[in-house]
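Colleague: sequence below, structure please.
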Amino acid sequence: MTMPFVVPRAPELPPATWTAYGLTTLTVLPLVWRRRAPLAVLFAILATSTLYELAVEGPGQPLPYTGLVIVHTIAALAPPWQRRATVLLLAVAVPVSVWLNTGSARELTFSLFVFGAAYVFGRLTDARQRAHRVEAEQAAARERARIAREMHDILSHAVSLMVVQAEAGPVAVRTAPERAEAAFDAISATGRDAMEQLRRMLGVLRDGTDGAAPPREPQPDLGGLPALVERVRASGLDVTYRTTGGVRALPVAVGATVHRIVQEALTNVVKHAGARTAAVRLVYEDGVLEVVVTDDGRGGRPGSTGHGLVGIRERAAAHGGTAVTGPGPDGRGFEVRVELPVQDSVTVAR
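Modeller: The predicted model follows:
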């Protein structure tokens with residue numbers, strides 16, 4: 001905006017006076033408040049620009065920079081009624097300004113074009129910002145659902161095992177004190193494990209809010225399945241665990257998903273099945289990992305829709321897999337069968 005006052009001017013052109021410089025500065029100064037009161041800033045710029053045109057014989061500007069900035073701001077940030085008022089105001093102000101300056105059709109066309117472009121780019125900016133907000137809200141909703149699913153799995157598994165052990169404790173105290181001690185140890189271990197997992201999850205949620213970064217620990221994976229099975233076995237359920245096929249290293253996210261699926265399936269067995277035995281089987285095939293959890297309990301109806309089974313299906317779908325639940329082999333018990341696509345990788349010795 002100051003170039004006409006710095007660059008030497010031809011003798012036939014009007015001089016750059018301090019009055020003209022001051023009015024030019026007043027045209028720019030209102031932009032400081034363009035986000036707080038965009039329409040008021042537009043009126044201020046129009047007033048100072050009109051005063052400059054009418055009262056000062058100073059150098060002109062090749063582009064109405066301040067006007068373009070405020071029009072873009074209004075189009076991007078202002079409510080609809082202010083945008084409509086701006087369009088109507090420009091429809092009057094632009095032709096009047098051109099008439100006061102050169103009165104040429106060329107300048108009128110150029111001015112309408114640049115102001116229209118500023119308005120259009122402002123609307124595109126608003127659309128892009130709204131799209132980003134929607135995307136952020138959807139991402140937050142997905143994260144809330146994931147956290148809720150994780151907390152459900154952790155608490156449901158731990159509480160179920162603790163309840164089973166606590167119910168068996170009084171009987172064991174009277175008949176087999178050594179088993180009662182083992183039951184209390186299992187309750188304590190299960191509770192500590194659940195608290196540790198919850199602490200790790202809540203620590204991630206607090207990351208950055210108090211300036212102290214929480215400890216970073218790995219997500220549960222296939223390596224934690226033997227310990228998971230052992231905890232369930234300590235509750236009195238006879239659980240077996242085996243793998244078949246060429247065991248391969250899996251991505252971290254897939255390993256965590258398999259761990260949570262097995263955990264939820266065994267939790268359902270403990271809570272609902274009334275089973276004496278259960279089996280966990282991982283089958284590695286070409287491009288597919290099959291996770292099968294069966295029990296000999298009272299079974300269930302096909303297509304059951306409890307929260308845990310819904311979570312299993314959602315976890316499988318998140319990795320492009322499928323989950324089928326229903327009666328076990330020969331119609332006995334209950335079976336959870338999940339297939340997850342996996343890329344061929346290095347075979348791991350078992």
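Colleague: go through this protein and flag its longest helix.
Modeller: helix 105-175 (DSSP state H).
Colleague: packing partners of it?
Modeller: helix 65-77, helix 80-101, helix 177-205, helix 225-234, helix 252-268, helix 307-318 (3 or more C-beta pairs under 8 Å, 6 or more residues apart in numbering; DSSP states H and E). Where you see a C-beta, it was placed from the backbone N, CA and C, and this is true even at glycine.
Colleague: which of these comes out lowest on mean pLDDT?
Modeller: Lowest mean pLDDT within those: helix 177-205, a mean of 71.
Colleague: okay, now the unreliable bits of the stretch 201-350 of the chain?
Modeller: Applying pLDDT under 70 to the stretch 201-350 of the chain flags residues 201-219, 300-307, 344-350.
Colleague: what's the distance between residue 67 and residue 36?
Modeller: Distance, residue 67 to residue 36, using C-beta to C-beta, to the nearest Å: 18 Å.
Colleague: so between the two, which is more surrounded?
Modeller: Counted by other C-beta atoms under 10 Å, residue 67 and residue 36 do not tie: residue 67 has more neighbours, with 23 against 8.
Colleague: thinking again about what came up before, as a markdown table, the helices and strands packed on helix 105-175 with distance to residue 53 would be great.
Modeller: Shown next, in a markdown table, are these (distance: least, C-beta to C-beta, whole Å):
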| stretch | distance to residue 53 |
| --- | --- |
| helix 65-77 | 12 |
| helix 80-101 | 5 |
| helix 177-205 | 58 |
| helix 225-234 | 79 |
| helix 252-268 | 64 |
| helix 307-318 | 63 |
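Colleague: and these: which comes nearest residue 275?
Modeller: Residue 275 lies closest to helix 252-268 among the helices and strands packed on helix 105-175, at 10.0 Å (C-beta to C-beta).
Colleague: name the helices or strands packed onto the helix or strand that comes right after the closest one?
Modeller: Next helix or strand after helix 252-268 toward the C-terminus (DSSP states H and E): strand 277-285. Contact here means 3+ C-beta pairs under 8 Å, 6+ apart; on that basis strand 277-285 packs against helix 225-234, strand 238-245, helix 252-268, strand 288-295.
Colleague: what lines up beside strand 277-285 in the sheet?
Modeller: strand 238-245 (parallel), strand 288-295 (antiparallel) (DSSP bridges).
Colleague: can those go into CSV with extra columns for distance to residue 93?
Modeller: Formatted as CSV, these follow (distance: least, C-beta to C-beta, whole Å):
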stretch, distance to residue 93
strand 238-245, 76
strand 288-295, 68
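Colleague: which of the ones you listed sits most buried?
Modeller: Neighbour counts (mean count of other C-beta atoms under 10 Å) averaged over each of the strands paired with strand 277-285 peak at strand 288-295, with a mean of 22.
Colleague: of all the strands paired with strand 277-285, which lies closest to residue 193?
Modeller: Residue 193 lies closest to strand 238-245 among the strands paired with strand 277-285, at 16.4 Å (C-beta to C-beta).
Colleague: just want the angle from that closest one to helix 252-268.
Modeller: 150 degrees (axes from the mean of the first three to the mean of the last three C-alpha atoms, to 10 degrees).
Colleague: which SSE is residue 340 in?
Modeller: For residue 340, the enclosing helix or strand under DSSP H and E is strand 334-341.
Colleague: please name every helix or strand in contact with that strand.
Modeller: Packed next to strand 334-341, using 3+ C-beta pairs under 8 Å, 6+ apart, are helix 252-268, strand 288-295, helix 307-318, strand 322-327.
Colleague: export those to CSV and tack on distance to residue 88?
Modeller: Formatted as CSV, those follow (distance: least, C-beta to C-beta, whole Å):
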stretch, distance to residue 88
helix 252-268, 54
strand 288-295, 64
helix 307-318, 51
strand 322-327, 58
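Colleague: what pLDDT does the residue nearest the centre of the chain get?
Modeller: Centroid check for the chain by C-alpha atoms, centre = their mean gives residue 139 as the closest residue, at 2.3 Å. On the pLDDT scale, residue 139 is placed at 79.
Colleague: isn't residue 234 right up against residue 188?
Modeller: No: the pair residue 234 and residue 188 does not pass the contact test of C-beta atoms under 8 Å, sitting 11.0 Å apart.
Colleague: give me the more crowded residue out of those two.
Modeller: Legend: neighbour count by other C-beta under 10 Å for residue 234 and residue 188, higher for residue 234 (19 against 12).
Colleague: if I look at the more buried one, how far off is residue 165?
Modeller: Remark: distance between residue 234 and residue 165 (C-beta to C-beta) = 8 Å.
Colleague: quick one on the thing from earlier: what pairs with the strand holding residue 340, parallel or antiparallel?
Modeller: Using DSSP bridges, the strands paired with strand 334-341 are strand 288-295 (antiparallel), strand 322-327 (antiparallel).
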